[in-house]
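Q: Compute the structure for the input listed below.
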Amino acid sequence: MEHFNAASEEDLEQALLSCLRSHRWAGRVADHRPYPDLDSLLAAADEAAYDLGWQRRLHDAGYADVHWDGTPSVRLIFLEETERAGAPYVGANFVGLLHAGPTIAAEGTADQRARWLPPILRGEEVWCQGFSEPDAGSDLAALRTRARRDGDTYVVTGSKIWTSHAEVADWCELLVRTEPAAPKHRGITWLALPMDAPGVTVRPLRTLAGSAEFAEVFLDEVRVPVANRVGDENDGWRVTMVTLSFERGTAFAGEVVACRRVLGELAVEARRNGRWDDPTLRRRLGRLNAEFRALWRLTQWNVSAAEASGGVPGAGGSVFKLRYSHARQELYDAAAQVLGPDCLDLDRPWTLERLSSLSYTIAAGTSQVQHSIIAERILGLPKGR
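A: Sure thing, here's the model as predicted:
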């Protein structure tokens, strides 16, 4: 990969297009991976090291800061072209690169940006997301984890669940309740929690697919410096909406490109195993192709809207998240139809992806929550009770 220097954002975009779309660069992606193949990764038994190693290579090649220094359009081009080139997914880096990092870039102080952003970009520190709780998942504002101010620190007690990559994280973007008497959306604060702080206990959760990228996190009188607060005290809900807008805005862009690639692979497999003769299957794959083309156009529209509003994605991300979650599930249901009895073989990547897709209508905000956001913020309907 080539390092480039651009005099302007327009030059940067053109440099990205030229560099990323060159066959020479795409053909060398495998040469830049921290491990040469998946078998080596499994033998290393360290997926986080793999993800961090890839991020470090992006950094050394001059691409790491595209996520924040480039315009949303440049970020979208980067995600699209790296996915097309077969580059590894961000993996354990996804919370830092796509959620916490952009939030700190948008809402953090100069000192906070200087402290936390460079290690994320260099692949040196992993972040996890400490939002959901056992009794506050879809109704996130009902969270109960408490933070009591004690001089220059907050003393945090409570628990989180479905905490992405907590088992390998150095930091956690943590939501806490700092004003119990305030309306539930107004007494929340966004903190950066060091995961090695005394009183933090992590208990990994194994998924249906056999992976353990989620965990329970228990917090027992954990002290977090006030300097680790992003935004004002009790203003955490607004900051959280910034985080979630990034999560539902461009964070899934690469996955849409990947789904379109999978569709092509399904068509090839169906021709190979004789199922292409089924007109119902062909119609299904054709409809999904149109669906993901539309989702890609919606992503581009959302990015354009984000540029017009200063770089933070808006409520259009909820429209995308709602439809994408269901389309992804439908895609891997179609994969099961293509595979036939082989869809029960857990060694098939599509089988594992099908199991993983079941979570998409829950993760990053349930479909019911997205319906409410669309109704209230886009259609202007009254809030539900």
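Q: which helix is the longest one in the protein?
A: As assigned by DSSP state H, the longest helix anywhere in the chain is helix 279-308.
Q: Quick check: the gap between Trp54 and Leu193.
A: Distance, Trp54 to Leu193, using C-beta to C-beta, to the nearest Å: 25 Å. (C-beta placed from N, C-alpha, C; glycine too.)
Q: Tell me which of the two has more neighbours.
A: Comparing Trp54 with Leu193 by neighbour count (other C-beta atoms under 10 Å), the higher total belongs to Leu193, at 25 against 22.
Q: For whatever helix or strand the more buried one lives in, name the packing helices and strands.
A: Using DSSP states H and E, Leu193 falls within strand 188-194. The criterion is 3 or more C-beta pairs under 8 Å, 6 or more residues apart in numbering; DSSP states H and E, and the helices and strands that strand 188-194 contacts are helix 101-107, strand 153-160, strand 171-177, strand 214-225, strand 229-230, helix 236-249.
Q: Now tabulate those in JSON lines and tack on mean neighbour count, mean pLDDT and distance to Asp139.
A: JSON lines is the format used below for those (neighbours: other C-beta atoms under 10 Å; pLDDT from 0 to 100; distance: least, C-beta to C-beta, whole Å):
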{"stretch": "helix 101-107", "mean neighbour count": "22", "mean pLDDT": "89", "distance to Asp139": "21"}
{"stretch": "strand 153-160", "mean neighbour count": "20", "mean pLDDT": "96", "distance to Asp139": "15"}
{"stretch": "strand 171-177", "mean neighbour count": "26", "mean pLDDT": "95", "distance to Asp139": "13"}
{"stretch": "strand 214-225", "mean neighbour count": "19", "mean pLDDT": "94", "distance to Asp139": "19"}
{"stretch": "strand 229-230", "mean neighbour count": "23", "mean pLDDT": "96", "distance to Asp139": "22"}
{"stretch": "helix 236-249", "mean neighbour count": "22", "mean pLDDT": "76", "distance to Asp139": "13"}
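Q: Which one, of these, ends up nearest to Glu125?
A: Glu125 sits nearest to strand 171-177 of all the helices and strands packed on strand 188-194, at 6.2 Å, using C-beta to C-beta.
Q: Could you check how far that closest one is from the centre of its chain?
A: From the chain centre to the centre of strand 171-177 is a distance of 17 Å (C-alpha atoms, centre = their mean, to the nearest Å).
Q: cool, and stretch 185-193?
A: 20 Å.
Q: next one: stretch 256-265
A: Once both centres are worked out by C-alpha atoms, centre = their mean, stretch 256-265 turns out to sit 18 Å from its chain's centre.
Q: and the strand holding Leu193 with strand 171-177, angle?
A: 150 degrees (axes from the mean of the first three to the mean of the last three C-alpha atoms, to 10 degrees).
Q: Partner strands of strand 188-194, with direction?
A: strand 171-177 (antiparallel), strand 229-230 (antiparallel) (DSSP bridges).
Q: hmm, back to that, what helices and strands are in contact with the longest helix of the chain?
A: Using 3+ C-beta pairs under 8 Å, 6+ apart: helix 279-308 touches helix 72-84, helix 236-249, helix 253-273, helix 316-339.
Q: Send me the next helix or strand after the strand holding Leu193 as CSV with only the CA atoms.
A: Remark: after strand 188-194, the chain's next helix or strand is strand 200-205, criterion DSSP H and E. This file holds the C-alpha atoms of strand 200-205, laid out as CSV (Å, rounded to 0.1, in the frame of the first residue of the first chain):
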residue,chain,number,x,y,z
VAL,A,200,-13.9,-4.3,37.1
THR,A,201,-14.9,-7.9,36.5
VAL,A,202,-15.4,-9.3,33.0
ARG,A,203,-17.4,-12.5,32.4
PRO,A,204,-17.4,-13.6,28.7
LEU,A,205,-20.7,-14.8,27.1
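Q: average pLDDT across strand 200-205?
A: The pLDDT scores in strand 200-205 average 90.
Q: and the helices and strands packed on helix 279-308, which is most packed in?
A: helix 236-249 (a mean of 22; mean count of other C-beta atoms under 10 Å).
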